[in-house]
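[1] Here is my input, please return the structure:
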Amino acid sequence: MIYLSQRGFLTRGVAVLVVMGLTLGIPWSALGNIGYVDMQKAIQSTQAGKKAKETLDSEFQKRKQKLDKKKNDIEAMGKDLEKKRNLMTEEALQKRQMEIQEEMMRFQKEVAENQLEIQKKEEELVKPIIEKMKRVIDKVAKEKNLSMVIENKGQVLYAREELDITEDVVKAFEKEKN
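    Numbering: from 1, shown residues only. Coordinates of the predicted model:
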């Protein structure tokens with residue numbers, strides 16, 4: 001079984017097969033049975049995937065609340081400065097503007113750091129699911145006597161519905177022990 005990911009291998013892999021088939025006059029049937037899996041749907045349909053999503057959503061909401069508070073505080077500082085602008089000396093105004101700008105830069109840095117941390121957490125939670133999913137895909141492909149499994153129908157211009165093994169993979173995933 002060949003597993004082609006959506007990171008470009010699919011397009012090149014399918015293109016190579018098409019060119020080989022057309023150039024050499026090989027009928028598609030000679031390439032064997034091909035199936036596809038919607039990996040995102042498969043992962044999201046499993047209990048492990050749902051649990052990972054809940055964990056990520058919870059973590060995201062906690063961080064979002066904290067960041068929203070900081071954003072609101074910075075906006076309040078800006079509004080306060082606008083109200084007091086006419087009462088301040090030029091030097092005091094510039095100093096306060098710099099403080100707010102520095103606060104905004106710290107906020108933007110924190111937002112970027114939080115995004116990276118959420119991405120790392122997502123990778124940490126999803127990586128074992130994907131590893132198990134690949135083993136299950138291999139098993140299902142062998143049971144269905146498939147020569148190739150490609151990822152995501154979205155990458156393919158046309159595929160018969162019976163080639164979609166996503167539901168079979170999800171069922172096998174849930175039955176499989178770690």
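
[2] Tell me how far Ile137 lies from Thr46.
    Applying C-beta to C-beta, to the nearest Å, the value for Ile137 to Thr46 is 13 Å. No exception for glycine: its C-beta is placed from N, CA and C like everyone else's.

[3] give me the element Gln44 is part of.
    With elements taken from DSSP states H and E, the one containing Gln44 is helix 39-45.

[4] and the gap between Asn145 and Gln47?
    Taken as C-beta to C-beta, the span from Asn145 to Gln47 is 28 Å.

[5] ok so, going back, convert the helix holding Gln44 to PDB, retaining C-alpha atoms only.
    Taking Å, rounded to 0.1, in the frame of the first residue of the first chain, the C-alpha atoms of helix 39-45 are listed here in PDB:
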ATOM      1  CA  MET A  39      -8.200  12.200   7.200                       C
ATOM      2  CA  GLN A  40      -9.600  15.300   8.800                       C
ATOM      3  CA  LYS A  41     -13.100  13.700   8.900                       C
ATOM      4  CA  ALA A  42     -11.700  10.400  10.100                       C
ATOM      5  CA  ILE A  43      -9.800  12.000  12.900                       C
ATOM      6  CA  GLN A  44     -12.700  14.200  14.000                       C
ATOM      7  CA  SER A  45     -15.100  11.200  13.900                       C
END
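
[6] and it, what does it pack onto?
    helix 47-84, helix 90-143, helix 166-175 (3 or more C-beta pairs under 8 Å, 6 or more residues apart in numbering; DSSP states H and E).

[7] Out of those, which is the most enclosed?
    helix 166-175 (a mean of 18; mean count of other C-beta atoms under 10 Å).

[8] can you list the weak-confidence ranges in the protein?
    1-31, 153-154, 178 (pLDDT under 70).

[9] One more pass at 90, please.
    The chain contains residues with pLDDT under 90 at 1-35, 147-148, 150-164, 176-178.

[10] of all the helices and strands packed on helix 39-45, which lies closest to Lys41?
    helix 166-175 (5.7 Å; C-beta to C-beta).

[11] Distance from that closest one to the middle of the chain?
    20 Å (C-alpha atoms, centre = their mean, to the nearest Å).
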